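Visitor: have a look; sequence and predicted model below, questions after that.
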Amino acid sequence: MKIKKLAAVLFASVMMFSMAACSAVSVDGEGGGSKDQKESSDNGGGSEDGGTGSGSIGLSVSTLNNPFFVTLSEGAKDAAKESDAELIVVDAGDDAAKQTSDIEDLISRNISVLIVNPVDSDAVAPAVKDAVEKGIKVVSVDRVVNGVDVDCAIASDNVAGAEAATEYLAELIGENAKTAELQGVSGASATIDRGEGFHNVADEKLDVVSSQTANFNRSEGMTVMENMLQANPDIQGVFAHNDEMALGAVEAIGNKDILVVGFDATDDALAAVAEGRMAATVAQKPDLMGATAVETALKLMAGESVEKEIPVEVELVTE
């Protein structure tokens, strides 16, 4: 009996030890994560004062089918890599509904800071409000979020840039010359601001015979310009809200003596200006905007104060 009793005690002890060991592994597996998961969540985590979230940064870009925003995204990625921060980039494809879904997904991934480049400055507002309500810091870049008090807005002075471009166009083609305007995506703050800058000058110095949207897209710019020329064959100048539309207009114009100015100073546009196919473009610094947005996000996570608005300089580029 004593031998059986001793064996039972030993067996029970072994079972208790085994269960404790299994319990320790289970807790580590559920809460500790893999080495890669730990490194991913630790990157860019900020200080204890930095608020809620996993320490990751979400970047919602309006579209990566545009060289300007590709450059902006690359600037953000380079800055994140340099700071060893985790950056999640999502592409809305110029679809406001998709951008809303993208932002809600980033919120569910427990990001600490949302950097948003809106497709539509009004349509994106509800999703951004959701982020703010959940304690996520928000930085808008290139375009504003209407009706939401974000932590920081980083953008070029689009009104001043459009005014400078239109002044230059008026000098070249003369006052009261017939002029067309290729507008960007309806509702985007860049469209609103660049349109305002254009009309501040054009309504006094030029004869604006047509203003139509081509959604910041090169192929649409070509199609819209073709239609404009059919209706108004004596157009002498064109102001496009971005270089992609300007380059599309250049294709539609062909050998006609019509001057085109754009906005963004993309590589293709700079080449077109140098070759005399475009009259001018407005140089922004999308890589600097992207990098500044990430640097600002890291400051917010560290609990540091940042400026509510950070302007990025623009300049007119001519031949």
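Guide: That came through, no problem. Numbers count the residues shown, from 1 in each chain.
Visitor: can you say which helix or strand has A272 in it?
Guide: Here A272 sits within helix 267-274, counting by DSSP states H and E.
Visitor: show me what that helix is packed up against.
Guide: The contact analysis (3 or more C-beta pairs under 8 Å, 6 or more residues apart in numbering; DSSP states H and E) places helix 267-274 against helix 243-253, strand 280-283, strand 315-318. In this view, the C-beta of every residue, glycine as well, is placed from N, C-alpha and C.
Visitor: so which of those is nearest Q183?
Guide: Distances from Q183 to each of the helices and strands packed on helix 267-274 were compared using C-beta to C-beta; the shortest belongs to helix 243-253, at 8.4 Å.
Visitor: what about the helix holding A272, distance to the chain center?
Guide: Here the centre of mass of C-alpha atoms in helix 267-274, compared against the chain's by C-alpha atoms, centre = their mean, to the nearest Å, lies 23 Å away.
Visitor: buried stuff in that helix?
Guide: Applying a neighbour-count criterion of 16 or more other C-beta atoms under 10 Å, one finds D268, A269, L270, A272, V273 buried in helix 267-274.
Visitor: same check on stretch 104-111?
Guide: Under the neighbour-count rule (16+ other C-beta under 10 Å), stretch 104-111 has L106, I107, I111 buried.
Visitor: and for stretch 245-259?
Guide: Using 16+ other C-beta under 10 Å as the burial criterion, the residues of stretch 245-259 that qualify are M245, A246, L247, G248, A249, V250, A252, I253, I258, L259.
Visitor: ok, back up a step: of the buried residues of helix 267-274, which is the nearest to P118?
Guide: P118 lies nearest to A269 out of the buried residues of helix 267-274, by C-beta to C-beta, at 22.8 Å.
Visitor: so who does the closest one touch?
Guide: D243, A246, L247, G262, M278, T281 (C-beta atoms under 8 Å, 6 or more residues apart in numbering).
Visitor: how far away is the spatially closest residue to the fifth one that is not a sequence neighbour from E181?
Guide: Think M278. Distance criterion C-beta to C-beta, 6 or more residues apart in numbering; nearest residue to M278, sequence neighbours excluded, is A272 at 4.1 Å. When C-beta to C-beta, to the nearest Å is the yardstick, A272 and E181 sit 19 Å from each other.
Visitor: circling back to that earlier point, tilt between the helix holding A272 and helix 243-253?
Guide: Between the axis of helix 267-274 and that of helix 243-253 there is an angle of 50 degrees, by axes from the mean of the first three to the mean of the last three C-alpha atoms, to 10 degrees.
Visitor: helices of this protein, start to end?
Guide: Using DSSP state H, the helices of the chain run over 2-31, 35-42, 67-82, 96-108, 125-133, 158-173, 189-205, 218-231, 243-253, 267-274, 286-301.
Visitor: quick check: buried residues in the fifth one?
Guide: Spelled out, it's helix 125-133. By neighbour count, and taking 16+ other C-beta under 10 Å as the criterion, the buried residues in helix 125-133 are A125, A127, V128, A131, V132.
Visitor: what of stretch 303-316?
Guide: Result for stretch 303-316 [16+ other C-beta under 10 Å]: buried residues V306, I310, V312, V314, L316.
Visitor: same check, this time on stretch 168-184
Guide: Y168, L169, A170, I173, A177, K178, T179, A180, E181, L182, Q183, G184.
Visitor: residues contacting the fourth one?
Guide: What that stands for is I173. Going by C-beta under 8 Å, 6+ apart, I173 touches T179, L206, Q236, G237, L259.
Visitor: for the helices and strands packed on helix 267-274, give me JSON lines that also has mean pLDDT and distance to V89.
Guide: What follows is the helices and strands packed on helix 267-274, written out as JSON lines (pLDDT from 0 to 100; distance: least, C-beta to C-beta, whole Å):
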{"stretch": "helix 243-253", "mean pLDDT": "98", "distance to V89": "20"}
{"stretch": "strand 280-283", "mean pLDDT": "97", "distance to V89": "24"}
{"stretch": "strand 315-318", "mean pLDDT": "96", "distance to V89": "28"}
